[in-house]
Each structure stands twice: as structure tokens, then as C-alpha cells.
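# Curious how this folds, go ahead:
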Amino acid sequence: MANFSLPYYKERLSLTVEDSRLAGVLTSRSEDYVAGRSQTELVRDALANPISATPLKELAKDKKHVVIISSDHTRPVPSRVTMPVLLEEIRSTNSNCRITILVATGMHRPTTKEELVDKYGADIAESEEIVVHNAYADEEMTFKGILPSGGELWINKLVDECDLLISEGFIEPHFFAGFSGGRKSVLPGIASKKTVLWNHNALFLADGRARTGNLAGNPVHEDMLYAAKQAGLSFILNVVINSEKEVIAAFAGDLTEAHAKGCEFVASLARVKPIPADIVVTTNGGYPLDQNIYQTVKGMTAGEACVREGGVIIIASSCMDGHGGEFFYKLLADQPTAKAAFDAINGVKPQDTQFDQWEAQILARVLCRATVILVSKHCDPQMIKDMHIEHAFTLEEAMEKAEAIVGKNSSVTVIPDGIAVIVKE
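Here you go, the predicted model:
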């Protein structure tokens, strides 16, 4: 028997699979990667040796107002490690400059005070100037031009009120932008709702280049990169983390070059070949990435890349915050089937993009290929079923339901962390 310990919220779930049924296991090599230095040392070294850029302390020397774009509560960026070093670096040559931490919520709900404390620690949360971006407040946006695809670029006006814009973030595989990090701090991070809606349109997401681990010709990425350059993003600090949310590598410097180096590193650890199976068992990496169904779609796409047509994807995800968006929920729940939802979304023009349509489009695409069983003891089962997803309280119950669909001797592939891998031939 093969035994697995899978991340679920802030705990682990146990799974046992018979050896004869186990087709394979797909994991990122980040779990075995040994950095050889502490998290803080890795960050300091990256800042001291920036890629294709002037060191941050030199960039900040004569500036009056520095804005640091920082990921929100839905992203496991270890800001307790990164932010103190960034602040120290800036103030080492410019102790009197104003520093604003701009929390990049994209179109997520606002980050709460408690979440800010959890993210940065009480000292930073209570003593630093922190602004939580609101994509729905048009009066807080500034127009920065037309995207390569034709959409309007509106972003937080703080980019015009500072004389140095930098960002912190992390790099992981992303299911339609290719990779997270870098330019994503601006779009969708601090962009207006109208710009995010355009960038996440159905035509882009239907493009075969808008996939996990790919930047080349990716229309979503190209608009994002343009937005970051127009915003004047001068310096980035992006880290790579393991399943314990610990920094194992850091990349700092030029928006394009530093991000590219980080993506190369992530790909070297995360790229795996698909192992087809009747049942794929995976997760969304545990807290904070498994707080809702919206985010959990990301982990499902790893299962999609392996599951046989008509098979079953089992994903363990707490979804304790529910579906993650009323519009997202209704795009599935208001349609009689997942196929009907997919067909309805796929033909929507960029200018008519609806809230959360992109996530619903990908979820519907996955559901058209396989049955999805969501394992959660924190989420309303009926709400899950409304979205054409099956529910189970435990992995054992989910396996029984899966076997009823594809048989007791069906093959099983296990992907312990579905968002940590790039499943690609």
C-alpha cells in the first residue's frame, strides 16, 4: 500500500492507495531542494545582487515616496521574511522617505486588519502606511494607456504619486498566466476592475498558449507585462517557496529579467510529465490557497492534465470561505450543466467579460472532461453541488464515489500539491 499525507487547510489528510492501482505520483522537486541558507539570507543576497538592475538601496537613495506592491491574503508570500528586509534596504540610504505598502488585492475582497497582522507581523501592520487596493473604486484609478490587445489600462493612482515603484511577490506555476509573480503585481494586482475583466477574457483563456508554465505568445502575459511597464515598476523581489511556505530561492532586479530567471528556476523544479489515470487525487496546496472554490480551480487543472476522459478528479480543499465570488458561483449554478456553462462563456467578447468569468470558464472546461469531487468538511455541500461538482467529507468517501463511476480496479495518479507542478509533455 502507498501512503500519502496531503495538505488541507492548516492540517494534513491521509490517503492510502493499493500499489497495484497506483499509476504514479507527481511532485515538484522543490520538496527536495536544499537552499543551504536561511530565508532571510536568500532575500538579502538577491537584493545585494540584483539581475539587470541597480541595487534597491541605490534606487531609493534620493526618492521622496516609495510604493511597495505586496500580495494580499490569498497568496502565501512570506512577507514576514521579505518585507522587513525590503524596508531596511530602502531606509539604509534614505531614512526619511515615505513608504507605502500597497496591498494588491486584484478583484479579491479587501484584506482585513487581522490578515495584515498575520501577513506582516504586528510591528509592520501597525506602524507602516498600508493601503489596500480597491479595484471597484474608479476614483482611485489612473489611466495609463491602451493594452496591446486593445483594452484600457487603469491602475491604482498611487503609481503616479510615487517616484519609485517596486513589488514583492512569489513565483509559482499559474494556470493561464503561465507563472505568477513579476508583472502580475500590477495586472491584476493593482488594476481597475474594467482592466482585469478585459485581460481575463474568454478568447485569451481559450488560447492554447494561455496555459500553466508558458509565457511565449501568451496573450494574458503580454498584456500584464505591458501594464507593469506602463506603471513604471522599477524593481521586483520575487521568491520561490516550498510546501511549508518557506523561501528556497529569491530573485530581485529588473521586472522582465529577474522574473524570467525565477520562472526558469520554478520550471526546473515543477515540470513533470503527465501520468494518465482513471482517478487523479490532488489538492490546492493547503492554506491560504484553499480558502475557496474560486482558488481551487487552479489545483483542478493539474488533475485535468492527467485524468482520462470521463474519469474523476478528487481535490481536497477546505473552501472555508465558500465559493469565492457570487458571480463565479452563478455562472455555474445558473446553468443546467457544466457544458451549458462552458458554451455560454466561451463565446463572450472581451468587452463583455463578466466578473469571475475566467475562473468559471476553466472550471467548466475541467468539468466537461471529468467528474470533480471536492473533499471539504468546511464548505456547504449543497453549494458545491449547485456548481456541478460532487462533494465528499473525507478522502475515503471521495474514493468510494469515484470507484462507483470508474470501477474499483481503476488506476490512480496522486498529485499531492496541484498548484506546485507544471504537467506537460
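# Quick check: can you list the domain ranges of the chain?
2-26+274-423, 39-269 (automatic domain parsing).
# Reformat those domains as CSV; add mean neighbour count.
Where C-beta positions appear, they are placed from N, C-alpha and C, glycine not excepted. Shown next, in CSV, are the domains of the chain (neighbours: other CB atoms under 10 Å):
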stretch, mean neighbour count
domain 2-26+274-423, 20
domain 39-269, 20
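# Of those domains, which is nearest residue 32?
domain 39-269 (8.8 Å; CB to CB).
# mind checking how far that closest one is from the chain centre?
Centroid separation for domain 39-269 versus its chain: 12 Å, with CA atoms, centre = their mean, to the nearest Å.
# Span of stretch 54-67 from start to end?
17 Å (CA to CA, to the nearest Å).
# can you check stretch 285-305 too?
Start-to-end, stretch 285-305 (CA to CA) is 17 Å.
# what's the model's confidence in it, averaged?
Stretch 285-305 carries an average pLDDT of 94.
# so how far is that stretch off the chain centroid?
9 Å.
# Show the subsequent helix or strand relative to the helix or strand of the chain with the lowest mean pLDDT.
The helix or strand of the chain with the lowest confidence, counting by mean pLDDT, DSSP states H and E, is strand 173-174 at a mean of 91. Note on strand 173-174: by DSSP states H and E, the next helix or strand toward the C-terminus is strand 178-179.
# Please put the alpha-carbon coordinates of the helix or strand that that next one is followed by into PDB.
Proceeding N to C from strand 178-179, the next assigned helix or strand is helix 193-199, under DSSP H and E. What follows is helix 193-199, C-alpha atoms only, in PDB (Å, rounded to 0.1, in the frame of the first residue of the first chain):
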ATOM      1  CA  LYS A 193     -11.900  46.000 -12.400                       C
ATOM      2  CA  LYS A 194     -12.500  47.100 -16.100                       C
ATOM      3  CA  THR A 195      -8.900  46.300 -16.900                       C
ATOM      4  CA  VAL A 196      -8.900  42.900 -15.100                       C
ATOM      5  CA  LEU A 197     -12.100  41.900 -16.800                       C
ATOM      6  CA  TRP A 198     -10.600  42.700 -20.200                       C
ATOM      7  CA  ASN A 199      -7.300  40.800 -19.500                       C
END
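# With distance to residue 32 added, can I get the domains of the chain in CSV?
Formatted as CSV, the domains of the chain follow (distance: least, CB to CB, whole Å):
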stretch, distance to residue 32
domain 2-26+274-423, 12
domain 39-269, 9
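# Could you work out which of these reaches nearest to residue 33?
So among the domains of the chain, domain 39-269 is nearest, using CB to CB, at 5.3 Å.
# Tell me which stretches of the stretch 101-250 of the chain form helices.
113-120, 122-127, 158-161, 193-199, 202-206, 219-231 (DSSP state H, counting those that start in this stretch).
# would you turn the ones you listed into TSV with distance to residue 76 and mean pLDDT?
Shown next, in TSV, are those (distance: least, CB to CB, whole Å; pLDDT from 0 to 100):
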stretch	distance to residue 76	mean pLDDT
helix 113-120	10	96
helix 122-127	17	97
helix 158-161	24	98
helix 193-199	21	96
helix 202-206	24	95
helix 219-231	20	98
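# Quick check: which of those is nearest to residue 258?
Judging the helices of the stretch 101-250 of the chain by CB to CB, what sits closest to residue 258 is helix 219-231, at 12.0 Å.
# Packing partners of that closest one?
strand 141-146, strand 152-156, helix 193-199, helix 202-206, helix 255-270 (3 or more CB pairs under 8 Å, 6 or more residues apart in numbering; DSSP states H and E).
# Turn those into TSV, including distance to residue 21.
Formatted as TSV, the helices and strands packed on helix 219-231 follow (distance: least, CB to CB, whole Å):
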stretch	distance to residue 21
strand 141-146	53
strand 152-156	50
helix 193-199	42
helix 202-206	34
helix 255-270	26
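# give me every residue that touches residue 318.
8-9, 287, 290-291, 376-379 (CB atoms under 8 Å, 6 or more residues apart in numbering).
# Which of the helices of the stretch 101-250 of the chain sits closest to residue 89?
helix 122-127 (14.3 Å).
# For residue 388, which of the helices and strands packed on helix 219-231 is the nearest?
Of the helices and strands packed on helix 219-231, nearest to residue 388 by CB to CB is helix 202-206, at 18.5 Å.
# Residue 3 looks like it's in a strand, true?
Yes: note on residue 3: a strand contains this position according to DSSP: H, G, I helix; E, B strand; the rest coil.
# so what's it up against?
Counted by CB under 8 Å, 6+ apart, residue 3 has contacts 14-16.
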